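Student: What would the 3D arrangement of this be:
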Amino acid sequence: MKVSRLVSIIMILLDKQRIGAQELANMFEVSIRTIYRDIDAINMAGIPIRSTSGVGGGFEIMKNYKMDSTVFSTDDISTILTGLSSLSNMIQSNELINALAKVKSFIPVDRVDEIKLKTDQIHIDLSQWIGYRNVQSYLEIIKIALQENKLLSFEYADRHGIKTEREAEACQIVLKGNHWYFQGYCYKRNDFRLFKLARISNLKLEEIFFTPRDYQKPLLDFTDILATIQTNIKLRIHKSVMDRVLDYCKYEDFSPDGDEYYIVTFPFVENDYYYNILLSFGDKCECLEPLHIRTVLKRKIHDLANLYEN
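Tutor: All right, here's what the predicted structure looks like:
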């Protein structure tokens, strides 16, 4: 049973007068039986929820009930506020503003300072330092497309920079690592695709409605796949790039090599993406072994030098 789902159900019941079990099950992608167990758990926590059957029936919090501020602990409220605040940095909406206001209303006067201290201990800012700046506006457009089941049109550049015009039904917004994507059914490919926002341009919300499709969530965890294709290589790096190299491996993979350098066991996949990672460290990184990877790097550096000579 996920606490986050229980909290979300409570917030939905506070916001809506009544909602059906099937709608909640679809929203959280769980079975109706799971929703009934969640409702029982919420009742046991002291929030009286009643159910009505028939057309227009569903769950609702009993009228005239005042939420007891002791339902949520200090840690509960701090965690909810941290999560909602991080989203509000990227997606400005009345729903988020109202949710933040409701959660803050649960805070007893004598615990305001304590919860503010805990909330301030973690700051999540999903906006970028530099670079692609359309993320926030595009997230707003995609969010509307999801809520209203409206078609999206845009230009999409593949990894080689080739642009194609696309139309897609949005299914889900995804934040993976430090990149935003949306999962959607692409009319050009007649299949579900994961679109990276940084590769999208001229995103438009069309006045064309669609019926949401059943879909599988995109594969986002490549741990098992990488375990079969990754190999460890040995690098010698200057201490000035240590923090960047740590994005790809653990501190335990480093061993000192004098005062200025480290020998690093680096997880590597033989494709352009990983070769470009090594080249991005410039003269602060040398591949010591294996020989064939070192040889490929030498060729790429030679080609780069020829580019500038010509």
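Student: drop to CA atoms for contacts and neighbour counts, all remaining ones
Tutor: Noted.
Student: any idea how far the closest residue in space to Ile42 that isn't next to it in sequence lies from Asp40?
Tutor: Closest residue to Ile42 apart from its sequence neighbours, by Cα to Cα, 6 or more residues apart in numbering: Leu6 at 7.1 Å. Here the distance between Leu6 and Asp40 works out to 10 Å (Cα to Cα, to the nearest Å).
Student: tell me which strands and helices the longest helix seen in the chain is in contact with?
Tutor: Secondary structure assigned by DSSP state H gives helix 291-309 as the longest helix of the chain. On a contact count with 3 or more Cα pairs under 8 Å, 6 or more residues apart in numbering; DSSP states H and E, helix 291-309 meets strand 285-289.
Student: what are the phi and psi angles of Asp257?
Tutor: For Asp257, the backbone dihedrals are phi -130, psi 80 (criterion: degrees, to the nearest 10).
Student: please begin residue numbering at 714 from this point
Tutor: Sure thing, new numbering starts at 714, so read that last one as Asp970.
Student: Tell me what it is bridged to.
Tutor: When assigned by DSSP bridges, Asp970 has beta-bridge partners Tyr974.
Student: Hmm, it is touching Ile976, no?
Tutor: Yes - in this structure, Asp970 is within contact of Ile976 by Cα atoms under 8 Å, at 6.2 Å.
Student: Those two - which one has more neighbours?
Tutor: Using other Cα atoms under 10 Å as the criterion, Asp970 and Ile976 rank with Ile976 on top: 20 against 14.
Student: What are the boundaries of the strands in the stretch 714-863 of the chain?
Tutor: Secondary structure of the stretch 714-863 of the chain by DSSP state E, counting those that start in this stretch: the strands cover 762-765, 771-774, 863-870.
Student: partners of the longest one, with directions?
Tutor: What it means is strand 863-870. Using DSSP bridges, strand 863-870 pairs in its sheet with strand 876-889 (antiparallel), strand 913-922 (antiparallel).
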